[in-house]
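K.L.:
sequence unknown, structure follows:
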């Protein structure tokens, strides 16, 4: 059965389209429409099962109650967890989330923004790749609420939620230095995004402060694990002097553990390990892995709260907020100093 | 700047809306529109940056090139990986994917189907909860392509892609029995979905065949790990006779390993372990965990191939396909028989 439109209902009952619309939108009393007519329309609607087309409704009201969420890669457990928490919180507030992965690809992201726009989403939550500054500026100019997270775009004036990346790696490196580790490596994706340059700087700052030499391996971002495992293997083989290593992302950390296992490296006796992000893999590895835990729940809460505030406030000229959250260094067995290192 | 519509362009250039539309849709030659006029329209469009509204276009052409994907829970690594692979393959074929989590909640799923419908998606990929048979039937009646995956709905006649769940757990249990394990437990979510009842049956069949007694713990599905860890702990404490356990899903398996760690149970000496699904946690745990690996890439390939075929074929009366894929039992250290068990 084809869905009935307001026009169909109006024709069938021989009343005006406007009257039907007022009744279906709960404005009968305001418009002084007679009780008998209201009942007649509602009885017919109950019988035929009319459902308002929410797209038509959104074109009329300008609201779809849908939020577009763009993560870098939904198969990354960090983004998957955040997406899920945001979805839960949005749903409880009457909003649905539709999400997709940008793959850190500028062109794909631009296409996705256009898609969301054409589908009339009410607001955008984006972990932005570089190169989409202009697209976001255009959204903002048109009064669309946009919240960035995980990183920000220095030249775009909008709200964002991120963590204190610089302090996170600084603190992790300090933790290793204080225990006496001297040759501390840093393995990360090569990137000029704000979160990644800050992580690099935090590591370098801590080493410089203590007069230690940075030993860095940057890896080109790739979905295929093989292309992450190979350079880590080469790096660990080349730098026999390493007594500790910090992995700059969860993906690099997991690949790093695979290399450590296959090379038969003993943790922490041969090599102490700290990784960015915390999840099951690091907790269940033996020895358990010291990890920089992002406050996932808090990030999701802040992102959705900021966006809902923007959606519900009529004032749109408010200064954009930069929310920077603290991480937690969960110290476990993988970074404890053992007798033979001292 | 507000986007210009075809009407705006027509008004500005003082030509008819239909003419502008023909030109912008590449039908100028067919409609014998003069070259000079075509150039005038295109020059203006280049200057003002007119972008066709793809929603309006999809209302006109009936195609949006968007596919709606509904998984149970995007934070589950199985669904996150599948979603990502489907997204990649769809994108290469000119389709965008928008996805969301059903949370196995019937009402939420119905709302999401309506949302996708109102946003004019071209096709649906759904890991269906129970209770949405009527909603899917309605989509099918309206000629919408729908592919189910991970499980199917026995009374719904549409294509689906799933694995041989029954054989998977049967085979895992046989592997343990053949090595001499006698008290083999099965810990899983309580569910009457097809994939879960088949896993249960496979386990029971293998034990029955060998005259062994099933020892089963069913857990109510819950996002909160605490509510999974607690019943597993109670189960393992109560059934001291267990010498092996099969975990029925990746989430139950990961929680099971946490319990095993916190109770200080030695694997496989005290308890052999096999889990459904295979991912980093199981590979990196020590001892490495024997796992029933779903062919993630193949599932994603089949799902998107079946859907694209349906989208591109004009014939819609084809018999629905049931594609059932094989799993692989990756045997690792956690299920090897040790001397003291024999």
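P.N.:
Arrived safely. As the structure is a computational prediction, the values presented were derived from the model and not from experiment.
K.L.:
And residue A:139, how far from chain B?
P.N.:
Noted for residue A:139: a distance of 12 Å to chain B, by CB to the nearest CB, to the nearest Å. Heads up, the C-betas are built off the backbone N, CA and C, glycines and all.
K.L.:
do the same with residue A:171
P.N.:
For residue A:171 relative to chain B (CB to the nearest CB), the value is 25 Å.
K.L.:
How about the stretch 151-300 of chain A: which residue is closest to chain B?
P.N.:
residue A:286 (4.6 Å; CB to the nearest CB).
K.L.:
surely that residue meets residue B:286?
P.N.:
Yes: using CB atoms under 8 Å, residue A:286 is in contact with residue B:286, at 4.6 Å.
K.L.:
secondary structure element for the residue of the stretch 151-300 of chain A closest to chain B?
P.N.:
Under DSSP states H and E, no helix or strand contains residue A:286.
K.L.:
Contact partners for it?
P.N.:
Residue A:286 sits next to A:333, B:285, B:286 when contact means CB atoms under 8 Å, 6 or more residues apart in numbering or on different chains.
K.L.:
Turn these into a markdown table, columns for distance to residue B:321 and pLDDT.
P.N.:
Shown next, in a markdown table, are the contacts of residue A:286 (distance: CB to CB, whole Å; pLDDT from 0 to 100):
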| residue | distance to residue B:321 | pLDDT |
| --- | --- | --- |
| A:333 | 50 | 96 |
| B:285 | 37 | 96 |
| B:286 | 42 | 93 |
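K.L.:
and of these, the nearest to residue A:131?
P.N.:
Nearest to residue A:131 among the contacts of residue A:286, counting by CB to CB, is residue B:285 at 39.9 Å.
K.L.:
show me the contacts for that closest one.
P.N.:
By CB under 8 Å, 6+ apart, the residues touching residue B:285 are A:284, A:285, A:286, B:257, B:334.
K.L.:
give me phi/psi at the second one?
P.N.:
Main-chain dihedrals, residue A:285, degrees, to the nearest 10: phi -70, psi 150.
K.L.:
can you give me the strands for the stretch 51-200 of chain A?
P.N.:
Taking DSSP state E, counting those that start in this stretch as the criterion, the stretch 51-200 of chain A carries its strands at A:66-71, A:96-101, A:123-126, A:146-149, A:159-163, A:184-189.
K.L.:
meant to ask about the stretch 201-342 of chain A, not that
P.N.:
Going by DSSP E, counting those that start in this stretch, the stretch 201-342 of chain A shows strands at A:215-219, A:244-247, A:272-276, A:290-293, A:322-325, A:328-330.
K.L.:
Quickly run through the sheet partners of the shortest one, with directions.
P.N.:
Using DSSP bridges, the strands paired with strand A:328-330 are strand A:290-293 (antiparallel).
K.L.:
what does the partner strand rub up against?
P.N.:
Under CB under 8 Å, 6+ apart, the answer for strand A:290-293 is A:168-169, A:171-172, A:175, A:253, A:272-279, A:282, A:327-335.
K.L.:
ok, of those, which come out buried?
P.N.:
Using 16 or more other CB atoms under 10 Å in any protein chain shown as the burial test, the contacts of strand A:290-293 include A:168-169, A:171-172, A:175, A:253, A:272-279, A:282, A:327, A:329, A:332-335 as buried.
K.L.:
Cross the residues you listed against helices and list the overlap.
P.N.:
A:168, A:169, A:171, A:172, A:175, A:253, A:282 (DSSP state H).
K.L.:
Can you name the residues that contact the first one?
P.N.:
Going back to what we said before, that points to residue A:168. Neighbouring residues of residue A:168 by CB under 8 Å, 6+ apart: A:199, A:202, A:276, A:292, A:327, A:329.
K.L.:
now do the third one
P.N.:
The contact partners of residue A:171, taken as CB under 8 Å, 6+ apart, are A:202, A:206, A:292, A:329.
K.L.:
Tell me which residues touch the last one, please.
P.N.:
In other words, residue A:329. Neighbouring residues of residue A:329 by CB under 8 Å, 6+ apart: A:168, A:171, A:172, A:175, A:274, A:290, A:291, A:292, A:293.
K.L.:
how about the closest residue to the third one other than its chain neighbours, what does it touch?
P.N.:
Of all residues beyond its chain neighbours, the one nearest residue A:172 is residue A:274 (4.8 Å), with distances taken as CB to CB, 6 or more residues apart in numbering or on different chains. For residue A:274, the contacting residues are A:172, A:175-176, A:244-247, A:289-292, A:329, A:334-335, by CB under 8 Å, 6+ apart.
K.L.:
Present those residues as a markdown table; the columns should include pLDDT and distance to residue A:6.
P.N.:
Shown next, in a markdown table, are the contacts of residue A:274 (pLDDT from 0 to 100; distance: CB to CB, whole Å):
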| residue | pLDDT | distance to residue A:6 |
| --- | --- | --- |
| A:172 | 98 | 61 |
| A:175 | 98 | 65 |
| A:176 | 98 | 68 |
| A:244 | 98 | 68 |
| A:245 | 98 | 65 |
| A:246 | 98 | 62 |
| A:247 | 98 | 58 |
| A:289 | 98 | 60 |
| A:290 | 98 | 62 |
| A:291 | 98 | 56 |
| A:292 | 98 | 56 |
| A:329 | 98 | 59 |
| A:334 | 97 | 64 |
| A:335 | 97 | 66 |
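K.L.:
and which of those is nearest to residue B:298?
P.N.:
Using CB to CB, residue A:247 comes nearest to residue B:298 of the contacts of residue A:274, at 30.6 Å.
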